[in-house]
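**Q** Give me a 3D structure for the following:
(chains A and B)
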Amino acid sequence: MASVFEYAPAPESRSVVDIAPSYGLFIDGEFAEAADGKVFKTVSPSTEEVLSEVAQAGEADVERAVKAARKAFEKWSALPGSERAKYLFRIARIIQERSRELAVLETLDNGKPIKETRDADLPLVAAHFFYYAGWADKLDHAGYGANPRPLGVAGQVIPWNFPLLMLAWKIAPALATGNTVVLKPAETTPLSALFFADICRQAGLPKGVVNILPGYGDTGAALVAHPDVNKVAFTGSTAVGKEIARTVAGTRKKLTLELGGKGANIVFDDAPIDQAVEGIVTGIFFNQGQVCCAGSRLLVQESIHDELLDSLKRRLSTLRLGDPLDKNTDIGAINSAEQLARITALAEQGEAEGAERWSPACDLPGSGYWFAPTLFTNVTQAHTVARDEIFGPVLSVLTFRTPDEAVAKANNTQYGLSAGIWTEKGSRILAVASKLRAGVIWSNTFNKFDPTSPFGGYKESGFGREGGRHGLEAYLDV
Amino acid sequence: MSEKTEKTDLRLSVFKTYKLYVGGKFPRSESGRVYEVTDSKGKWLANAPLSSRKDARDAAVAARKAFGGWSGATAYNRGQILYRIAEMLEGRKEQFVREVADAEGLSKAKAAAVVDAAIDRWVWYAGWTDKIAQVVGGGNPVAGPFFNLSSPEPTGVVAVLAPQESSFLGLVSVIAPVIATGNTAVVVTSEKAPLPALSLGEVLATSDLPGGVVNVLSGRAAEIAAPLAAHQDVNAIDLAGADEALAKELEIAAADNLKRVLRPQAVDNWSEAPGTERMTAFLETKTVWHPTGSLGASGSSY
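**A** Numbers count the residues shown, from 1 in each chain, chains lettered A, B, ... in the order given. Here you go, the predicted model:
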């Protein structure tokens, strides 16, 4: 890529992580093969190199894992909160100690740049365990009445975009409140969850409290439907979320869903342009845009459209796409061939429907799954690229004239997860924020996360909140 | 004197035509249908409207239309109006005591206690409107140069299947928390005892409650609830009055646009103090972030 910033390559060493040629399921504190002996391969999206072969859990394995979790629940839930807390603090500390190893692992298996795994994912993972560890012995004070009870066995299904962070979001509050866990990581990113199993071992966590079952959608479906699971937590697509909601209908299973989004990033004419451009880039190109709360719809006030687009294009021309292990890399690989195909198809549909496509000059590596950062202008609300979640580095640009129009367009979606507001005027931030139907609103910033802060969606972006005091409710009988 | 007595004896009472309450108006069912409502001993009381799916849709439209104004009203204003409902009910207590006694086969004294409890419930929720945000929201101690604040907001239009047995106290106990928090409601009354609910509509209409905030439909729960559970512009559903089979069917339909579902919960005694759960079930949490800048949020050395 021709750039004014020519850096020498600075690859991170992958010698800090030792990936075994094969991994089993983690059930009742032991690694084991799948009952039917099935395995699948996990590849590095940036090179298509096979990283490892992983056992694929079937229904019999789900049965075994749920049974182990049920058995462990009795003792784990009876443990004083202060003791459960110490296990979680241990886990948090071990994650901090091993964070470089886990960051490299996550980058290898997921394809995201090392600067994100190192500086965003891993610190947040440790922070989540540290935060919820502190709740374990303070549940009486959480506002859910005295002595709130855990639910039992939590069946948790997580996505591939933040494999370890989503694991932390699910497991930390579940364990803090006294539940036991059966977790299914995504089929394209099972490795960090299996490394987490080893962390549980190092922390001396009682057997059966955490069980990890790599597998595909059918494994997740079997887990969700299992009659002895008391709580279902899912992060992923809205379509699957609806299917899960139907599955648990008529049962007493408590359900939380974190689903898709089509976040509006609204830039008013008085916004600081340079900061807004940085926020737009963070909003849609962080993690290759594979973020449910991504700011994938840019709403620009008409009077600054041209100026902002010029700045944005200039900035995009400086993004570096390539080896995710190079710490100068901004844009890594798309997680899988399937996801790349979906992004490609939606982008082509955008062009076919008449939106104007633009990408900076950008060489894509010869192997692996890559998609150049892409802008669509001349987009209307009817365009597919303005309506469907693309889950890739594709930004649709729309315009507006008045704050009311911005709000109307921002809310014109079945989703309601995130939104951004860029303006120097405080009253406008508050007025617009109060009218936006979204669970997280970033003003003059974007894509910020913190374990103390509730995260979750309105409308078809799902229900329930993760993080903060609110995140406890999902795992308590309240 | 005797002539006067004779006249009184001859006077025929005026029956009441019970009507729906939708969008602040009192329409008959669009279907033109009614059904017979009897007291607990089987004596005819009135013909209640037998609502259709079109009535359900009209009510959802009315509730959506009212949502912006009601959710945007100040919490103080909403509290005033909920309290006003209690005031209006207090003045019409006799009517409700009679209707509840007929509907549930209660003695006059027991029915009076039920109505008192229902009035007190409005007062209780009137006091919650401007307090719930402080109880379930607040600032979060973010590890970074940001200020963020989590506040509860109403989910939107809530379909409420009122309890079947408790025709008035149960009804009030499921409506009040929904609207106290700024949602608007489409309420399906108890199927066999809809009259107190239909009369409540008349009270709501004279309590400064904007039209459409509460819409009351009588009829067959299954018939009216099905289109509401499947309605793409209804955001949540309270299944209090559904039996197990109907609840499951409606929950499946509700998954289609990911409605918030409050499953049926056994309530033996509606007069017991409710917790906050019926309010929080229909609240979203919105977290708004902003950078704090280099000065930091606190830590002054002065």
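**Q** from here on, contacts and neighbour counts on C-alpha atoms
**A** Will do.
**Q** pLDDT weak spots in chain B?
**A** Low-confidence segments of chain B (pLDDT under 70): B:1-8, B:294-302.
**Q** how about the residues of it near chain A?
**A** Applying Cα under 8 Å from any Cα of the partner chain, we find that chain B lies next to chain A at B:140-143, B:148, B:150, B:155, B:235, B:244-245, B:247-249, B:251-253, B:255-260, B:277, B:284-291.
**Q** Once you drop chain neighbours, what's closest to residue A:37?
**A** Closest residue in space to residue A:37, ignoring its immediate chain neighbours: residue A:55 at 7.3 Å, by Cα to Cα, 6 or more residues apart in numbering or on different chains.
**Q** How about residue B:168?
**A** What sits nearest to residue B:168 in space, not counting adjacent residues and going by Cα to Cα, 6+ apart, is residue B:196, at 6.0 Å.
**Q** Can you give the distance from the helix or strand where the one you found lies to the centre of its chain?
**A** Secondary structure assignment for residue B:196, by DSSP states H and E: helix B:195-205. Centroid separation for helix B:195-205 versus its chain: 11 Å, with Cα atoms, centre = their mean, to the nearest Å.
**Q** rewinding a little: okay, now the residue nearest to residue A:37: neighbour count?
**A** Using other Cα atoms under 10 Å in any protein chain shown, residue A:55 has 25 other residues around it.
**Q** Now do it against residue A:200, distance only.
**A** Distance, residue A:55 to residue A:200, using Cα to Cα, to the nearest Å: 19 Å.
**Q** got it, and residue B:247?
**A** Using Cα to Cα, one gets 40 Å for the distance from residue B:247 to residue A:200.
**Q** and the stretch 251-400 of chain A, which of its residues are near chain B?
**A** Looking at chain B, the residues of the stretch 251-400 of chain A close enough under Cα under 8 Å from any Cα are residue A:251.
**Q** which residues in the stretch 251-400 of chain A form helices?
**A** A:273-285, A:305-316, A:337-352, A:384-387 (DSSP state H, counting those that start in this stretch).
**Q** circling back: got a list of contacts for the helix holding residue B:196?
**A** With contact meaning Cα atoms under 8 Å, 6 or more residues apart in numbering or on different chains, helix B:195-205 is reached by B:18-21, B:24, B:48, B:85, B:88-89, B:96, B:99-100, B:103, B:167-168, B:171, B:189-190, B:211, B:214-218.
**Q** next one: phi and psi at residue A:464?
**A** Phi and psi for residue A:464, reported as degrees, to the nearest 10, are phi 90, psi 160.
**Q** give me the number of residues near it?
**A** For residue A:464, the neighbour count with other Cα under 10 Å is 24.
**Q** How about the contacts made by the residue nearest to it when sequence neighbours are not counted?
**A** Spatially, and ignoring its direct neighbours in sequence, residue A:464 is nearest to residue A:256 (5.1 Å; Cα to Cα, 6+ apart). Applying Cα under 8 Å, 6+ apart, one finds that residue A:256 lies in contact with A:232, A:233, A:234, A:462, A:463, A:464, A:465, A:474.
**Q** got it, and residue B:92?
**A** Going by Cα under 8 Å, 6+ apart, residue B:92 touches no other residue.
**Q** I'd like the distance between residue B:36 and residue B:18.
**A** Residue B:36 sits 11 Å away from residue B:18, going by Cα to Cα.
**Q** Help me confirm that residue A:408 is found in a helix?
**A** Yes: assessed by DSSP: H, G, I helix; E, B strand; the rest coil, residue A:408 belongs to a helix.
**Q** Tally up the residues packed near it, please.
**A** By other Cα under 10 Å, the residues close to residue A:408 number 14.
**Q** Next one: it relative to residue A:294, how far apart?
**A** 19 Å.
**Q** got it, and residue B:235?
**A** 23 Å.
**Q** more crowded one of these two?
**A** Under the criterion of other Cα under 10 Å, the comparison of residue B:235 against residue A:294 puts residue A:294 first, with 34 against 26.
**Q** The stretch 201-302 of chain B: helices as residue ranges?
**A** Per DSSP H, counting those that start in this stretch, the stretch 201-302 of chain B carries helices over the ranges B:221-230, B:244-254, B:277-280.
**Q** Kindly report the same for the stretch 1-150 of chain B.
**A** In order along the chain, the stretch 1-150 of chain B carries the following helices (DSSP H, counting those that start in this stretch): B:2-10, B:53-72, B:75-91, B:93-104, B:108-128, B:132-136.
**Q** Pipe the ones you listed into JSON lines and attach distance to residue A:111 and mean neighbour count per row.
**A** Formatted as JSON lines, the helices of the stretch 1-150 of chain B follow (distance: least, Cα to Cα, whole Å; neighbours: other Cα atoms under 10 Å in any protein chain shown):
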{"stretch": "helix B:2-10", "distance to residue A:111": "89", "mean neighbour count": "9"}
{"stretch": "helix B:53-72", "distance to residue A:111": "44", "mean neighbour count": "21"}
{"stretch": "helix B:75-91", "distance to residue A:111": "48", "mean neighbour count": "20"}
{"stretch": "helix B:93-104", "distance to residue A:111": "65", "mean neighbour count": "21"}
{"stretch": "helix B:108-128", "distance to residue A:111": "49", "mean neighbour count": "21"}
{"stretch": "helix B:132-136", "distance to residue A:111": "39", "mean neighbour count": "16"}
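**Q** any chance of those helices in CSV, with distance to residue A:395 too?
**A** Formatted as CSV, those follow (distance: least, Cα to Cα, whole Å):
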stretch, distance to residue A:395
helix B:2-10, 79
helix B:53-72, 30
helix B:75-91, 38
helix B:93-104, 59
helix B:108-128, 43
helix B:132-136, 35
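**Q** Of all residues in the stretch 201-350 of chain A, which one is closest to chain B?
**A** Of the residues in the stretch 201-350 of chain A, the one nearest chain B is residue A:250, at a distance of 4.2 Å by Cα to the nearest Cα.
**Q** give me every residue that touches that residue.
**A** B:244, B:245, B:247, B:248, B:249, B:251 are the contacts of residue A:250 under Cα under 8 Å, 6+ apart.
**Q** swap in residue A:221?
**A** Contacts of residue A:221 by Cα under 8 Å, 6+ apart are residue A:244.
**Q** Help me confirm that residue A:183 is found in a helix?
**A** No: assignment of residue A:183 by three-state DSSP gives strand, placing it outside any helix.
**Q** burial of it, as a residue count?
**A** By other Cα under 10 Å, the residues close to residue A:183 number 27.
**Q** Look at it and report its pLDDT.
**A** As predicted, residue A:183 sits at a pLDDT of 98.
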